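Colleague: model this:
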Amino acid sequence: MAPKGVAAEAPDARPGKLKVFLGAAPGVGKTYRMLDEGRRRLRRGTDVVVAYAECHGRRHTEEQLAGLEVVPRLHRSYRGTTFTELDLDAVLARRPAVALVDELPHTNVPGGRNAKRWQDIDELLAAGIDVVTTVNVQHLESLNDVVEKITGVPQRETVPDEVVRRADQIELVDMPAEALRRRMAHGNIYRPEKVDAALAHYFRIGNLTALRELALLWVAGRVDEALQRYRSEHGIGTVWETRERVVVALTGGPEGETLIRRAERIAGRSSGGDLLAVHVARSDGLAYASPAALAKQRALVEKLGGSYHSVVGDHVPAALLDFARAENATQLVLGTSRRSWLSRLVAPRGIGEDTVELSGDIDVHMVTHERAGRGRRLAMPGRQLPHSRRVAGPMAGLVLPFLLTTVLTHTRGALNLTSEALLFLVTVVGVACLGGVVSALLASLTASLLLNYYFIPPSGEFTITEPNNALALAVFALVAVTVAALVDRSLRLSRRAASATAEAETLSSMAGTILRGEQGVSVLLERTRETFGMTSAELVPRTDLDSDADEESDGLVKVPAGPDRVLVLRGRRLPASEHRVLTAFAAHLAAALDHARLTEAAAEVEPVKAADRLRTALLAAVSHDLRTPLAGGRAAISSLRSADVNFTPAEREELLATAEDSLIQLNRLVDNLLDMSRLRAGALALNLQPTAFADVLPMALSTLAASPVRIESQGLAEVSDVLADPPLLERVVANLVTNAVRHSDAGQRVLITASSLGRRVELRVVDEGPGLPPEDRERIFVPFQRLGDRDNTSGLGLGLALSRGLAEAMGGTLDPEDTPGGGLTMVLSLPATAAPDAAVEAVGLG
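Modeller: Numbering: from 1, shown residues only. Below you'll find the model as predicted:
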């Protein structure tokens with residue numbers, strides 16, 4: 001049904017288009033941009049009206065209204081107060097092409113047909129009117145709780161994300177945090193009396209930066225949704241990866257830095273991309289990795305914001321892919337092989353080819369580099385015998401001699417017996433390299449029989465007529481067996497050395513973790529788990545472990561870790577060669593446990609040491625600071641009791657005042673000492689109740705001595721009561737004002753103000769004194785020091801330390817800040833007894 005006074009819309013009318021200016025915080029310029037957009041469209045001849053714009057008294061924003069038609073607002077009364085609202089019916093009756101409507105999440109005053117302004121905008125869109133509106137990120141429903149955690153300010157007015165998400169255009173109005181604070185300080189956002197409170201609370205650098213990141217990420221998500229819609233509408237089925245988790249495989253070779261930088265560029269293409277570097281320590285392909293090179297590459301990875309990992313695995317492609325899948329990686333970066341052409345000829349398939357074949361849904365990048373194909377070591381390919389070579393070796397021992405015999409029988413007469421025997425010997429050596437000593441013995445036996453039968457006279461028989469030929473055959477067999485045995489021994493020694501190198505690399509990685517300070521048991525357990533490719537790793541007491549359980553059942557591995565703990569890993573069975581390394585890891589974990597126990601013991605001793613230091617400082621302070629008021633009071637009373645001097649009434653009054661001041665000072669010092677001791681002992685009794693700053697301040701000021709410094713207060717009666725102990729709060733306020741007066745010159749002002757922020761109320765004591773360097777701001781809360789005091793002849797240096805302790809005991813905080821223009825501001829924050837009204841809560845959030 002059409003609204004009253006508005007003609008029903010034609011059934012075929014197109015809906016209007018919605019454009020939203022999204023800001024990270026108040027004051028970034030959303031309303032200004034909205035009005036500027038209206039002026040731009042007006043210059044193009046579009047019918048534009050300002051349906052509602054809230055300029056908050058900002059001159060530059062109000063100037064943007066010039067030349068734009070403004071629809072008069074609707075006045076509505078509620079609970080005795082008149083409010084102005086968007087006149088929806090007037091805008092619908094006016095039927096402009098574009099309506100500018102500020103503050104999308106606004107809650108309408110009761111009495112209209114819609115509860116929220118975004119519902120009014122829905123009606124305008126349904127009527128075919130294009131709408132340009134504004135919203136801050138803190139008002140999005142999905143981010144409401146996140147923003148409250150960041151800023152401490154709950155948002156009562158929110159808008160469903162879907163309302164903003166379905167906008168035809170979303171434009172981010174962005175501004176750096178520092179620039180926004182400058183705008184605030186220059187008075188371009190709020191009135192001067194609200195600037196200090198806003199800068200100190202909602203408009204902190206950290207708050208603004210976090211809100212800006214939320215806005216950027218939310219808009220980035222909407223951009224991604226738009227991209228997916230585009231791909232769907234245009235039938236694009238190929239993957240366009242926009243967020244990556246990239247793993248780069250490192251061998252310790254010179255190409256490592258090239259691979260790391262390439263992987264970092266891949267990860268950096270999208271927001272939130274992660275870079276992970278992994279080195280596989282194994283016993284065959286990468287045994288000669290340089291520890292120095294790996295350390296350098298690790299430093300580069302961490303400098304680029306990535307993380308470095310080391311894993312153990314006999315089959316490098318499987319280890320790499322297992323790690324990548326465990327880390328939920330989308331891409332894997334490898335360098336092209338450094339193997340020489342001869343190595344490729346003997347073993348065509350390398351790690352890269354196997355990795356690509358097994359990668360599945362993980363994209364594999366083979367990156368070329370200047371070392372590709374130049375070789376990496378002077379050694380035979382294949383430093384261990386995988387199953388395929390154990391099968392291929394014996395087959396080659398049988399087949400290759402027959403193939404050679406076939407070739408030689410077709411060229412009979414071209415070679416003599418010596419040459420033929422040498423060719424068979426080369427064949428045996430080749431089989432030894434491929435399949436080891438067993439295959440070589442089989443090839444030697446086969447070659448001897450074939451050489452005897454086909455090439456040693458008489459041919460076609462296994463008999464030998466000449467002794468020389470018999471000797472030659474025996475030598476041939478002996479040489480073949482000897483060479484095969486030597487080759488096999490060389491391979492076994494090479495594997496053993498490579499395994500030791502791999503173990504050293506793994507232990508070096510663990511040692512590096514400890515040296516960098518990552519000594520937490522949880523960190524070392526995670527490092528152990530990923531190093532050995534297990535699904536879990538934990539330390540359990542020996543008494544909790546079933547001693548009868550099979551250590552290798554279901555991939556369960558147990559290793560002692562100290563006298564009372566056992567390291568338990570689950571996931572796969574470990575070969576004996578890896579158990580040695582695991583034992584060393586367990587020793588590191590045992591050392592980490594001992595370190596944690598020692599640290600805990602040291603932490604228990606620290607309070608005792610702190611108490612000793614406090615006692616020493618107390619004795620040093622008491623020796624002077626308590627003596628001064630005692631001496632003054634005693635001298636005044638002794639003079640009054642003296643019968644040798646006749647004092648005038650004025651002199652007697654002065655002496656009595658001196659005695660009274662001395663006793664007041666002494667009483668204050670004793671009270672401070674007692675309260676500090678109660679705080680230290682946790683024995684301070686609190687009587688928390690609703691307390692008004694306006695009631696506490698006069699009592700606090702009455703305890704202060706006369707001073708030429710002016711003391712003024714503002715806004716104390718306008719804030720909620722706080723939950724506090726009235727006498728203790730009075731002490732805190734008195735100490736803060738005393739400190740401010742002590743550091744102010746005659747004629748300067750100490751200002752005391754109060755403001756509400758969310759569920760807390762803050763009292764600010766502002767002085768115009770010399771201020772305090774940032775590095776000294778925590779030192780002023782240390783008991784028995786008087787940092788920068790102009791008068792070191794009075795006071796124990798307990799005032800601020802005691803004030804912070806009392807504030808924290810009442811659930812509050814006490815922190816120093818710079819006073820704009822010079823000086824120090826002490827900010828006392830306490831919980832409010834009731835939620836502040838909307839007007840007060842919105843300070844800084846207009």
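Colleague: tell me the pLDDT at the closest residue to residue 708 other than its chain neighbours?
Modeller: Nearest non-adjacent residue to residue 708, counting by Cβ to Cβ, 6 or more residues apart in numbering: residue 746, 3.8 Å away. The way it works is simple: take the backbone N, C-alpha and C, and place the C-beta from them, glycine included. We note a pLDDT of 84 for residue 746 in this prediction.
Colleague: in a strand, that's where residue 746 is, yeah?
Modeller: No. Using DSSP: H, G, I helix; E, B strand; the rest coil, the assignment for residue 746 is coil, not a strand.
Colleague: so it touches residue 709, yeah?
Modeller: Yes. Counting by Cβ atoms under 8 Å, residue 746 does reach residue 709; the two are 6.7 Å apart.
Colleague: So for those two, which residue has more residues nearby?
Modeller: More neighbours surround residue 709 than the other of residue 746 and residue 709, with 21 against 8 (other Cβ atoms under 10 Å).
Colleague: show me the contacts for that one.
Modeller: By Cβ atoms under 8 Å, 6 or more residues apart in numbering, the contact list for residue 709 reads 740-741, 744-750.
Colleague: Let's see if you can find the most crowded of those.
Modeller: Neighbour counts for these (other Cβ under 10 Å) peak at residue 740, which has 26 neighbours.
Colleague: quick one: which helix or strand includes that one?
Modeller: According to DSSP states H and E, residue 740 maps onto helix 726-742.
Colleague: Distance from the chain centre to that helix, please.
Modeller: Averaging C-alpha positions (Cα atoms, centre = their mean, to the nearest Å) puts helix 726-742 40 Å from its chain's average.
Colleague: Quick one: list the elements packing against that helix.
Modeller: helix 649-681, strand 689-691, helix 693-702, strand 749-757, strand 760-766, helix 799-809, strand 824-831 (3 or more Cβ pairs under 8 Å, 6 or more residues apart in numbering; DSSP states H and E).
Colleague: Buried deepest among those, which one?
Modeller: For these, the largest average neighbour count (mean count of other Cβ atoms under 10 Å) is found in strand 760-766, namely a mean of 23.
Colleague: Give me the contacts around it.
Modeller: So strand 760-766 is contacted by 152, 196-197, 200-201, 693, 716, 719-722, 733, 736-737, 739-740, 750-756, 819, 823, 825-832, 836 (Cβ under 8 Å, 6+ apart).
Colleague: can you rerun that using 6 Å?
Modeller: With contacts defined as Cβ atoms under 6 Å, 6 or more residues apart in numbering, strand 760-766 is touched by 693, 719-720, 722, 736, 740, 751-755, 819, 825-832.
Colleague: same deal with stretch 314-323?
Modeller: Contacts for stretch 314-323 (Cβ under 6 Å, 6+ apart): 249, 278, 280, 282, 285, 311, 313, 351, 354-355, 358, 533.
Colleague: Just the buried positions in that stretch, please.
Modeller: Across stretch 314-323, burial judged by 16 or more other Cβ atoms under 10 Å covers 314-317, 319-323.
Colleague: Same list (those) but as CSV, adding secondary structure and pLDDT.
Modeller: Formatted as CSV, the buried residues of stretch 314-323 follow (DSSP: H, G, I helix; E, B strand; the rest coil; pLDDT from 0 to 100):
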residue, secondary structure, pLDDT
314, coil, 73
315, coil, 79
316, helix, 83
317, helix, 86
319, helix, 85
320, helix, 87
321, helix, 86
322, helix, 83
323, helix, 82
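Colleague: could I get the residues you listed as JSON lines with distance to residue 701?
Modeller: Shown next, in JSON lines, are those (distance: Cβ to Cβ, whole Å):
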{"residue": "314", "distance to residue 701": "80"}
{"residue": "315", "distance to residue 701": "80"}
{"residue": "316", "distance to residue 701": "77"}
{"residue": "317", "distance to residue 701": "78"}
{"residue": "319", "distance to residue 701": "74"}
{"residue": "320", "distance to residue 701": "73"}
{"residue": "321", "distance to residue 701": "74"}
{"residue": "322", "distance to residue 701": "72"}
{"residue": "323", "distance to residue 701": "68"}
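Colleague: closest to residue 332 among those residues?
Modeller: Distance to residue 332, by Cβ to Cβ, is smallest for residue 320 among the buried residues of stretch 314-323, at 6.5 Å.
Colleague: follow-up on the earlier one: the contacts of stretch 314-323 into TSV, with extra columns for distance to residue 364 and neighbour count?
Modeller: Shown next, in TSV, are the contacts of stretch 314-323 (distance: Cβ to Cβ, whole Å; neighbours: other Cβ atoms under 10 Å):
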residue	distance to residue 364	neighbour count
249	10	26
278	14	22
280	15	27
282	19	24
285	17	22
311	17	22
313	17	21
351	11	20
354	10	16
355	6	21
358	9	15
533	19	20
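Colleague: taking these one by one, which sit in strands?
Modeller: Those of the contacts of stretch 314-323 mapping onto strands are 249, 278, 280, 311, per DSSP state E.
Colleague: What's the local residue count around residue 559?
Modeller: 19.
Colleague: swap that for residue 47, please
Modeller: Quick note: residue 47 (other Cβ under 10 Å) scores 14 neighbours.
Colleague: in the stretch 151-300 of the chain, which spans are strands?
Modeller: 169-173, 245-250, 274-281 (DSSP state E, counting those that start in this stretch).
Colleague: next one: phi and psi at residue 587?
Modeller: Backbone torsions of residue 587, given as degrees, to the nearest 10, read phi -60, psi -40.
Colleague: So for it, what's the pLDDT?
Modeller: So, for residue 587, pLDDT stands at 77.
Colleague: One more: the one 4 residues further on?
Modeller: Predicted confidence (pLDDT) at residue 591: the value is 76.
Colleague: Quick one: residues contacting it.
Modeller: Residue 591 neighbours (Cβ under 6 Å, 6+ apart): none.
Colleague: Now it: which helix or strand?
Modeller: Using DSSP H and E, residue 591 falls in helix 576-625.
Colleague: downstream neighbour of that helix in the secondary structure list?
Modeller: Next along from helix 576-625, by DSSP H and E: helix 627-641.
Colleague: Can you point out the buried residues in that following helix?
Modeller: In helix 627-641, counting by 16+ other Cβ under 10 Å, buried: 628-629, 632-633, 636-637, 639.
Colleague: if we can go back for a sec, most packed of the strands of the stretch 151-300 of the chain?
Modeller: It is strand 245-250: most buried of the strands of the stretch 151-300 of the chain by mean count of other Cβ under 10 Å, with a mean of 26.
Colleague: any idea of the mean pLDDT for it?
Modeller: Mean predicted lDDT for strand 245-250 stands at 88.
Colleague: what angle do it and strand 274-281 make?
Modeller: 30 degrees (axes from the mean of the first three to the mean of the last three Cα atoms, to 10 degrees).
Colleague: Show me the one of the strands of the stretch 151-300 of the chain that comes nearest residue 605.
Modeller: With Cβ to Cβ as the yardstick, what comes closest out of the strands of the stretch 151-300 of the chain is strand 274-281 (40.5 Å).
Colleague: what about the closest residue to residue 190 other than its chain neighbours, neighbour count?
Modeller: Nearest non-adjacent residue to residue 190, counting by Cβ to Cβ, 6+ apart: residue 198, 5.8 Å away. For residue 198, the count of nearby residues is 23 (other Cβ under 10 Å).
Colleague: Against residue 204, how distant is residue 198?
Modeller: To residue 204, residue 198 is 10 Å away according to Cβ to Cβ, to the nearest Å.
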